[in-house]
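Colleague: output the structure for:
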Amino acid sequence: MKERCISKIPWILDQMMKMDFVKIVEVIMILLRNILYGDLSEKTRNFTEKLFIVLKNNLLWLNKQNELAPLIFFKALRLYSGFCYLADQMTISLKRVLMDVIVDIWRNNKTECISLGRELMRILQETFRHSVKLF
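Modeller: This is a model prediction of the structure:
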């Protein structure tokens, strides 16, 4: 039962975003907090991919959320750096979705993303360090 409920969350979130639900920002923040950095299980990767696909499909709405966009940008970048070591098919598609969200938020909310400051620099260094080791 629990697994079926969890699999419906991305669809529910998508519908809430389309209807511009009042507390949607809080719901997204709770969902992002529940994605644990370093949890490489298939369930987590699958849920993360579905969640970020919903965010990617609603980028117009997301780009209007000045307080939420940089937090999603940071979480996506952090998750991407955590999944850098994996190269299976599921992780490749997840990394592609994460990178699409990262790039689009950066293009449309650069000033808000830069306001992350030292944390942004730290996670970028970590991500680049992981990426260089792969080549």
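
Colleague: now do the helices in this structure.
Modeller: For the chain, the helices defined by DSSP state H cover 2-18, 24-33, 42-57, 59-63, 69-83, 89-108, 110-114, 118-134.

Colleague: which one of those is the most hemmed in?
Modeller: Mean neighbour count (mean count of other Cβ atoms under 10 Å) peaks for helix 69-83 among the helices of the chain, with a mean of 21. (Glycine included, C-beta is placed from N, CA and C.)

Colleague: what mean pLDDT does that helix have?
Modeller: Model confidence over helix 69-83 averages 89 on the pLDDT scale.

Colleague: need the residue closest to the centroid of this structure.
Modeller: The centroid of the chain falls nearest to residue 76 when counting by Cα atoms, centre = their mean (3.6 Å).

Colleague: the helices of the chain: lowest mean pLDDT?
Modeller: Across these, helix 118-134 gives the lowest mean pLDDT, at a mean of 77.

Colleague: roughly how far does residue 101 sit from residue 88?
Modeller: As judged by Cβ to Cβ, to the nearest Å, residue 101 and residue 88 stand 20 Å apart.

Colleague: one more: residue 114?
Modeller: 33 Å.

Colleague: again, but for residue 14
Modeller: Taking Cβ to Cβ, one finds residue 14 at 26 Å from residue 88.

Colleague: just residue 15 next, same as before
Modeller: Distance from residue 15 to residue 88, by Cβ to Cβ: 31 Å.

Colleague: how far off centre is stretch 74-85?
Modeller: Chain-centre distance of stretch 74-85: 9 Å, with Cα atoms, centre = their mean, to the nearest Å.

Colleague: pull that stretch out as PDB, backbone CA atoms only.
Modeller: Extracted C-alpha coordinates of stretch 74-85, given in PDB (Å, rounded to 0.1, in the frame of the first residue of the first chain):
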ATOM      1  CA  PHE A  74      21.000  23.600  -4.900                       C
ATOM      2  CA  LYS A  75      19.300  20.300  -4.100                       C
ATOM      3  CA  ALA A  76      19.500  19.100  -7.800                       C
ATOM      4  CA  LEU A  77      23.200  20.100  -8.000                       C
ATOM      5  CA  ARG A  78      23.900  18.300  -4.700                       C
ATOM      6  CA  LEU A  79      22.000  15.100  -5.900                       C
ATOM      7  CA  TYR A  80      23.800  15.300  -9.200                       C
ATOM      8  CA  SER A  81      27.200  15.300  -7.400                       C
ATOM      9  CA  GLY A  82      26.100  12.300  -5.400                       C
ATOM     10  CA  PHE A  83      25.100  10.300  -8.400                       C
ATOM     11  CA  CYS A  84      28.200  11.100 -10.400                       C
ATOM     12  CA  TYR A  85      29.800   7.800  -9.600                       C
END
